[in-house]
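> No sequence on hand, only this structure:
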């Protein structure tokens, strides 16, 4: 996990960098799929659900969840559960 990469992605998608880093850490070390091996918790796209994404993938999905939910707590919940 690169701080520079996370900072760039956070700025690009307007996600708080601390939130992105926290989610990335939790997904990397506490993720539910043993085959993910250190990705950022988001796939590269919808058609490749088990292809590890980058910090951009995670920031994109967090930003989308924020647009739907309206706050960061709910956005993280949606990001983690899909609900």
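Perfect, thanks for sending it. Just so it is clear, the model here is predicted, and its values are computed rather than measured.

> any low-confidence regions in this protein?
Where the chain drops to pLDDT under 70, the residues are 1, 29-39, 41.

> so the residue nearest the centre of it is in which element?
With distances taken as C-alpha atoms, centre = their mean, the residue of the chain nearest its centroid is residue 58 (2.5 Å). Following DSSP states H and E, one finds residue 58 within helix 55-69.

> So which elements touch the helix or strand following that helix?
For helix 55-69, the following helix or strand on the C-terminal side (DSSP H and E) is helix 72-81. Secondary-structure packing of helix 72-81 (3 or more C-beta pairs under 8 Å, 6 or more residues apart in numbering; DSSP states H and E): helix 17-30, helix 55-69. To be clear about C-beta, it is placed using only N, CA and C from the backbone, and glycine gets the same treatment.

> Just give me how far helix 72-81 sits from the chain centre.
How far helix 72-81 lies from its chain's middle: 10 Å, per C-alpha atoms, centre = their mean, to the nearest Å.

> same check, this time on stretch 14-28
The chain centroid and the centroid of stretch 14-28 are separated by 7 Å under C-alpha atoms, centre = their mean.

> what does stretch 71-83 give?
Distance of stretch 71-83 from its chain centroid, counting by C-alpha atoms, centre = their mean, is 10 Å.

> Next, give phi and psi for residue 82.
Phi and psi for residue 82, reported as degrees, to the nearest 10, are phi 80, psi 0.
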